[in-house]
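Trainee: Compute the structure for the input listed below.
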Amino acid sequence: MNRFFQAAGLVLLLATPTVVCAQTPGQAWQQTWQLARQHFPALQVTEFDLSDSSWMICQAGTQQELEAFANSKYSFRDAEILASFWNQGLDDSKARIGRKILFGSASVDLLDQELRAGRSQALASVNQLRFFRESYSFRDAETLARFWGEPGPFEAKLRMERKIITGDEATLQAELQKAASASVPTNTPPPNPPANPGGSLTNLKPDPGQPVTTRRPDVSANFSSRPHRNSVVLLVDSIDRTQESTFSPNEQFLRWTPSQDLSFGNHAVELRAIGQNGETFAKTWTFSVPRQKAPNKPGPTNTGGTEKFYDTQLNFGLDIPPGWQRQVTTPLFALRLNNHGSTFEVASGPAPDPQAAVNAARNHLIQLGAQIQNQYPTQLAGTPATRLDYSIPRQGRFGQMVICVTEKNQSFLAAAESHNLNGFPIANDVKTMFQTFLINAR
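Mentor: So this is what the prediction gives:
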């Protein structure tokens, strides 16, 4: 009987017009639910999920929820983990976290329990290296493998993934910075590796120093003895292709086939591993992808060559590789290029303070939902500059941005962004555009 009166009282409370008449629907229902929970303790550990009743959601309420999330102890990673646990989108996850925070301490306690469950679920699939791929590179894994004393980069990747999932990313980044500053050489085999017999690599493909007739050639080699799988590292043009490679059943043959056309020109291969008996495998070689003339057409052919671009108003220029189409510019961008979804943009404006220009660029990226991965000094057209590497996990895109300020206090911002920024031919094209960038003094 008491439960009946409680339920009836709840119905009357939720039905009363005095609470909702002067507010937007989302705000009113949240306030009504808070009032109901004060009278009925059993509701203190439940959640009134506005996302299940779209007709009651208002923009003001959603903004309040997102602000509660932004000002909370919960990180972007927590929102990602809970989005997967709840089977929701990232923005919905952030709003739901904020909503639980607004409901009070009992709801936050329940949220913490769900976060622990979400982390346990993510740890169960740690081998997918989802968060590692979003934020860290193979170089980082190699650096930390040596720093931690792990057998190889793969073990370091798993350890990094666990730290990210369990909310220990601040420690991870501190250790990575410490490892990088310790001057530990990465990606370089010892000058005098242990001379154990039998550690040889044969049948190298493509043939060392030779051209190939396809833009997707097999990269392969035979091991003279079975290697430790976790010790194998295959780099093509300094990009880790180990996880994309396949082994023969006896694990003594490794092959990688590009999923996209390689760029024209020279390419470098590096293959390293440690055998079951401690023997060392290490080999580097090069091959080339030449441009082919069209058959049965005498004379020079039009291959859509590089365009020499120069802006006479802002006095900057660069080489535009084939395949990049110029788009309509805006007041923000002096040059906009697109190649099947990959972009390269150039902006310019006054900036008396180089650091202020960098900070403005960082803040703009963060507002767009980007995560800054690296920041370090570089050059643009011979002028001191700052490079920002970032990712946009929600869109699965990666970017490189270079910001510099000339002696005339004119700032230039050149940025590349793509789903496959490190893959070929995009990586080579972006490198070409940054390397050929020039700035002439006014």
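
Trainee: Low-confidence ranges, the stretch 201-350 of the chain, go.
Mentor: Scanning the stretch 201-350 of the chain for pLDDT under 70 picks out the ranges 292-304, 330-331.

Trainee: for it, what spans make up the strands?
Mentor: 201-205, 219-223, 233-236, 239-240, 246-247, 253-256, 265-274, 280-289, 307-311, 316-320, 325-326, 335-339, 342-350 (DSSP state E, counting those that start in this stretch).

Trainee: Any idea how many residues pack against the closest residue to A145 other than its chain neighbours?
Mentor: Excluding the flanking residues, the one nearest A145 by C-beta to C-beta, 6 or more residues apart in numbering is A156, at 3.8 Å. From N, CA and C alone the C-beta is placed, and that goes for glycine too. Using other C-beta atoms under 10 Å, the number of residues around A156 comes to 25.

Trainee: Can you tell me the element A156 falls in?
Mentor: Assigned by DSSP states H and E, A156 falls within helix 153-165.

Trainee: Distance from that helix to the middle of the chain?
Mentor: 16 Å (C-alpha atoms, centre = their mean, to the nearest Å).

Trainee: got it, and stretch 361-376?
Mentor: The answer for stretch 361-376 is 12 Å, by C-alpha atoms, centre = their mean.

Trainee: State the mean pLDDT of it.
Mentor: For stretch 361-376, the mean pLDDT works out to 87.

Trainee: residues contacting Q210?
Mentor: By C-beta atoms under 8 Å, 6 or more residues apart in numbering, the contact list for Q210 reads F287, S288.

Trainee: Kindly list the main-chain dihedrals of it?
Mentor: Main-chain torsions, Q210, degrees, to the nearest 10: phi -110, psi 150.

Trainee: Then S93?
Mentor: Dihedral angles for S93 - degrees, to the nearest 10 - are phi -70, psi -40.

Trainee: If I follow the layout properly, it ends up in contact with W86?
Mentor: Yes: with contact defined as C-beta atoms under 8 Å, S93 counts as touching W86 (6.2 Å).

Trainee: who has more neighbours, the two?
Mentor: More crowded of S93 and W86, by other C-beta under 10 Å: S93, with 23 against 15.

Trainee: any idea which helix or strand carries the nearest residue in space to the more buried one that is not next to it in sequence?
Mentor: Once flanking residues are discounted, S93 sits nearest to A83: 3.6 Å by C-beta to C-beta, 6+ apart. For A83, the element it lies in under DSSP H and E is helix 76-86.

Trainee: Now do that helix: which elements does it pack against?
Mentor: Secondary-structure packing of helix 76-86 (3 or more C-beta pairs under 8 Å, 6 or more residues apart in numbering; DSSP states H and E): helix 90-103, helix 105-124, helix 153-165.

Trainee: if we can go back for a sec, who wins for proximity to S418 among the strands of the stretch 201-350 of the chain?
Mentor: Within the strands of the stretch 201-350 of the chain, the stretch nearest S418 is strand 342-350; the backing value is 3.7 Å (C-beta to C-beta).

Trainee: What pairs with that closest one, parallel or antiparallel?
Mentor: Sheet pairing of strand 342-350 (DSSP bridges) gives strand 335-339 (antiparallel), strand 410-418 (antiparallel).

Trainee: out of these, deepest packed?
Mentor: Using mean count of other C-beta atoms under 10 Å, the stretch among those with the largest mean neighbour count is strand 410-418, at a mean of 22.

Trainee: Let me have the strands of the stretch 201-350 of the chain in a markdown table, adding distance to E175 as columns.
Mentor: Shown next, in a markdown table, are these (distance: least, C-beta to C-beta, whole Å):
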| stretch | distance to E175 |
| --- | --- |
| strand 201-205 | 33 |
| strand 219-223 | 33 |
| strand 233-236 | 21 |
| strand 239-240 | 20 |
| strand 246-247 | 31 |
| strand 253-256 | 30 |
| strand 265-274 | 24 |
| strand 280-289 | 27 |
| strand 307-311 | 43 |
| strand 316-320 | 38 |
| strand 325-326 | 43 |
| strand 335-339 | 37 |
| strand 342-350 | 33 |
